[in-house]
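sequence? don't have it. structure:
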């Protein structure tokens, strides 16, 4: 765990796919410590990953975990929730997160059990009960976190968390650094959301994948470029009548710039094509 600001800790995950060698701990996770309580921000991709996060937290404080906040629906961010279920914490998420989790729960559990193997034992879905429609302030005792729900972008359940005291902004997977972006929402929505976020300063931001903390808005440059490149090339394909089966050729000029490019780019392009062809 890296202390990116006083009392704000982040585990920067490796660039990897979920597997037996990492227990699904492939997304950045963290926690913020107030005078009275702690908030956990994302929990990893398995019960075991969540338990490791809880152990790291307990090395630094005995304060109760008051909130567990999920920044969006993806399994590498939510499947460690059960590690905190007995802490008496309130689970918090975007207003669309319960439905999104319910729709995918069985697929997430089945697929990730196969990927992670024994390290996945005991993993279960723990949905949020405190939902954010627009914005919500959470007080940890002299330390306020401002949560904001986003329109559909990376997913339909993206949530940002700003630690007001240190001006540290957890952006979840709205920001990828080094790891190729993964589109599961709306390309145009993600571009618009990033544009709006970039207009708001922060001392530092925590990406969903990448280093523990990065400067803002400079860190958005590469993802901005990738998404714009993807949009431009897929729009041209739609306009020229290129079949959707060939959409994976889009943004290939970005291949050398990103980890895991071949694991996600073709899917990003196909998802973008399906969106843009109906505009």
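Everything's here; your move. Because the structure is a prediction, the values reported are computed rather than measured. Numbers count the residues shown, from 1 in each chain.

report pLDDT for the nearest residue to residue 146 once chain neighbours are set aside.
Distances taken as Cβ to Cβ, 6 or more residues apart in numbering place residue 162 nearest to residue 146, at 4.5 Å, with adjacent residues excluded. (Glycine included, C-beta is placed from N, CA and C.) Looking at residue 162, its pLDDT reads 99.

tell me the secondary structure at residue 63.
Judged by DSSP: H, G, I helix; E, B strand; the rest coil, the three-state class of residue 63 is coil.

for it, list the residues it contacts.
Shown in contact with residue 63 (Cβ atoms under 8 Å, 6 or more residues apart in numbering): 33-34, 36-38.

hmm, back to that, over to the residue nearest to residue 146: give its phi and psi.
Residue 162 adopts backbone torsions of phi -110, psi 120, taken as degrees, to the nearest 10.

what's the local residue count around it?
Per other Cβ atoms under 10 Å, the neighbour tally for residue 162 reads 21.

from memory it sits against residue 143, does it?
No. Here residue 162 does not reach residue 143: they are 11.5 Å apart, not a contact under Cβ atoms under 8 Å.

which strands or helices does the strand ranked longest in the chain pack on?
In terms of residue count, the longest strand belonging to the chain (DSSP state E) is strand 168-176. In terms of contacts (3 or more Cβ pairs under 8 Å, 6 or more residues apart in numbering; DSSP states H and E), strand 168-176 is packed against strand 159-163, helix 187-198, strand 204-209.

so can I have JSON lines of those showing distance to residue 54?
Shown next, in JSON lines, are the helices and strands packed on strand 168-176 (distance: least, Cβ to Cβ, whole Å):
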{"stretch": "strand 159-163", "distance to residue 54": "18"}
{"stretch": "helix 187-198", "distance to residue 54": "30"}
{"stretch": "strand 204-209", "distance to residue 54": "19"}
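
go through the ones you listed and name the closest to residue 90.
strand 159-163 (14.1 Å; Cβ to Cβ).

give the rounded mean pLDDT of the longest strand of the chain.
Here the average pLDDT along strand 168-176 is 99.

what's the answer for stretch 210-226, then?
On average, the pLDDT along stretch 210-226 is 99.

what sits up against it?
2, 4-5, 10-12, 28, 30, 168-169, 175-181, 191, 194, 197-198, 201-207, 251, 254, 257-258.

can you rerun that using 7 Å?
The contact list for stretch 210-226 (Cβ atoms under 7 Å, 6 or more residues apart in numbering) reads 2, 4, 10, 12, 28, 169, 175-179, 181, 194, 198, 201-202, 204-207, 251, 254, 257.

now these: which count as buried?
Buried members of the contacts of stretch 210-226, counted by 16 or more other Cβ atoms under 10 Å: 4, 10, 12, 28, 169, 175-177, 179, 181, 194, 202, 204-207, 251, 254.

just the angle between the longest strand of the chain and strand 204-209, please?
Angle of strand 168-176 versus strand 204-209, following axes from the mean of the first three to the mean of the last three Cα atoms, to 10 degrees, is 40 degrees.

ok, strand 168-176: who's next to it in the sheet?
With DSSP bridges as the test, strand 168-176 is paired with strand 159-163 (antiparallel), strand 204-209 (parallel).

that strand: how far from the chain's middle?
Distance, stretch centre to chain centre, for strand 168-176: 7 Å (Cα atoms, centre = their mean, to the nearest Å).

now the angle from that strand to helix 187-198?
150 degrees.

residue numbering should commence at 6 henceforth.
New numbering, starting at 6: the last item is strand 173-181.

run through who's touching strand 173-181.
Residues contacting strand 173-181 (Cβ under 7 Å, 6+ apart): 9-10, 13, 35, 46, 76-77, 79, 82, 155, 158-159, 163-167, 198-199, 202, 207-215, 221, 224-225, 228.

filter the contacts of residue 68 down to the buried ones, ChimeraX style.
The ChimeraX selection below is limited to those of the contacts of residue 68 classed as buried (16+ other Cβ under 10 Å):
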select :38,39,42,43
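
so which of the contacts of residue 68 are in strands?
Using DSSP E, the contacts of residue 68 in strands are 38, 43.

JSON lines for the contacts of residue 68, including pLDDT and distance to residue 108?
Formatted as JSON lines, the contacts of residue 68 follow (pLDDT from 0 to 100; distance: Cβ to Cβ, whole Å):
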{"residue": "38", "pLDDT": "99", "distance to residue 108": "34"}
{"residue": "39", "pLDDT": "99", "distance to residue 108": "34"}
{"residue": "41", "pLDDT": "99", "distance to residue 108": "36"}
{"residue": "42", "pLDDT": "99", "distance to residue 108": "31"}
{"residue": "43", "pLDDT": "99", "distance to residue 108": "30"}
